[in-house]
Structure formats: structure tokens, C-alpha cells
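Engineer: Starting from these lines, generate the structure:
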Amino acid sequence: RTYFFTTAFVAFTILSAYAYVHFPTDNLCVIDKTDIEQYEYAQSFMPGTYSATLGNNGKVVPITIEEFEDGTPYVYRFCNQYAIFGQQFPTLHLMDEFEWLTSDQKLIAKAYGWASMIILALVVLGIFGMRIAESCYGLFKGTYEEVGISQQIDFSNVREMAAYVPLIRDDNFQFPLLTCDIDKIDEDLIGFETGDQQFRDWNLIHD
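Structural biologist: The predicted structure is shown next:
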């Protein structure tokens, strides 16, 4: 859950920066006079103020078309904002190519781009940096932390606890057959009981 939301937040930040700079504002980019001939479908507007209807609400707004210093009208082309392929990360070094942005929009886009890079760097450092630091710290000092708390029950008082004692189980015998010397083994640690009989009677080494 932690990694999912962190990854989602970083992806949202980066994609938001791309979405901002590629938002289709008016899709119009001014063509330099020296490059007009190479654009077959360029659209020219005479200088002046025009009325434009926005969307389906019928709102009318004025649009002013300016002109070059020599009096010729601006010529516009459809901005190429195709960003699915061909764009590199981050977008900061491509800011000059986003000609459809105003100077204020470019400033906001740069801030957006730097913010996404800083967030990405912090996340990478937070995830991998902490692991590297913990690994280096473990070389000089123990990092084991016990899990749980003491139940105040001695090992010898746990009746169900049994040690590993080599034995053979055979359905022809009432009890398992021991196959090792148990003189120095606490009989409480042997995993079965023989009633009134001694474990020695069921130990093969004494046969």
C-alpha cells in the first residue's frame, strides 16, 4: 500500500507537468514571416478585433489580432502538441519549443517541472537511501529488534516441548525404540511416555 500510493503520487506529479505544458489552449502558433511558404494550411487573419463564441454556452468574447511591425498580419498554424511519443523527460530543457505558452505559462511550467523532479528525487532517496543507510549502519552496529515480549515462562516448564531424540517407530512395538544414549538427556524432553516402564527398556543400544 505504501509503495502503491507513493508511486501513484509521483506519476501524478510528473504527468501533471506534461499535461500542463501540452494543454490545448487555442492551438494557434504564430509563424515567422520567413517560414510562411512551407506551411500549406496556414491561416491568416487581418489585424483587428473579432468576436468569438465559446463552447455550447454561447458566450461571446472579443479576440484581438495584432500585426507585425511592418503592418503585415500575423499568420498562424496549428500547434503540434503531440506528446505521446518523442518527448523526453524532463520537459524543462524543451521549454523553448513550447511556443504556444505565454511567458507566464512557461514560468509556471518550469516551476511544475522542477517540483516534479524534486518530488521524484525525494521519493527515490527516501526509498533506496534509507535502505542503503540501514545496510551501512548494520555493518557497525547490531540492528536486530526482538519481536514480542517475554511471557515469563521458562523453557523447562513447557510440558509440550520436546527435544530431538533419534528413535524408530514400529507398529509392532507399544512404544518407539530409542537409538541413542539418553543418560544425559532430561526424560521430560523425550517426546513420549512409557508409563511405569523405563526408557532404558526401549533403548536399542542396551540390547
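
Engineer: all contacts plus neighbour counts: C-alpha atoms, from now on.
Structural biologist: Fine.

Engineer: can I see the domain layout of this protein?
Structural biologist: Domain assignment for the chain by automatic domain parsing gives 2-138, 158-207.

Engineer: Least reliable of the ones you listed by average pLDDT, please.
Structural biologist: With a mean of 70, domain 2-138 has the lowest mean pLDDT of these.

Engineer: For the host helix or strand of residue 15, name the packing helices and strands.
Structural biologist: Assigned by DSSP states H and E, residue 15 belongs to helix 2-21. Under the contact criterion of 3 or more C-alpha pairs under 8 Å, 6 or more residues apart in numbering; DSSP states H and E, helix 2-21 touches helix 103-124.

Engineer: Can you dump the C-alpha atoms of the helix it packs on in PDB for me?
Structural biologist: Output of helix 103-124 as PDB, limited to C-alpha atoms (Å, rounded to 0.1, in the frame of the first residue of the first chain):
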ATOM      1  CA  SER A 103       5.900  33.800 -20.700                       C
ATOM      2  CA  ASP A 104       3.800  33.500 -17.600                       C
ATOM      3  CA  GLN A 105       2.700  30.000 -18.500                       C
ATOM      4  CA  LYS A 106       6.300  29.000 -19.200                       C
ATOM      5  CA  LEU A 107       7.300  30.200 -15.700                       C
ATOM      6  CA  ILE A 108       4.500  28.100 -14.200                       C
ATOM      7  CA  ALA A 109       5.500  25.100 -16.300                       C
ATOM      8  CA  LYS A 110       9.100  25.400 -15.200                       C
ATOM      9  CA  ALA A 111       8.000  25.500 -11.600                       C
ATOM     10  CA  TYR A 112       5.800  22.500 -12.200                       C
ATOM     11  CA  GLY A 113       8.700  20.600 -13.900                       C
ATOM     12  CA  TRP A 114      11.200  21.400 -11.100                       C
ATOM     13  CA  ALA A 115       8.600  20.400  -8.500                       C
ATOM     14  CA  SER A 116       8.100  17.000 -10.200                       C
ATOM     15  CA  MET A 117      11.800  16.400 -10.400                       C
ATOM     16  CA  ILE A 118      12.300  17.300  -6.700                       C
ATOM     17  CA  ILE A 119       9.500  15.000  -5.600                       C
ATOM     18  CA  LEU A 120      10.900  12.200  -7.700                       C
ATOM     19  CA  ALA A 121      14.400  12.700  -6.200                       C
ATOM     20  CA  LEU A 122      13.000  12.800  -2.700                       C
ATOM     21  CA  VAL A 123      11.000   9.600  -3.200                       C
ATOM     22  CA  VAL A 124      14.000   7.700  -4.700                       C
END
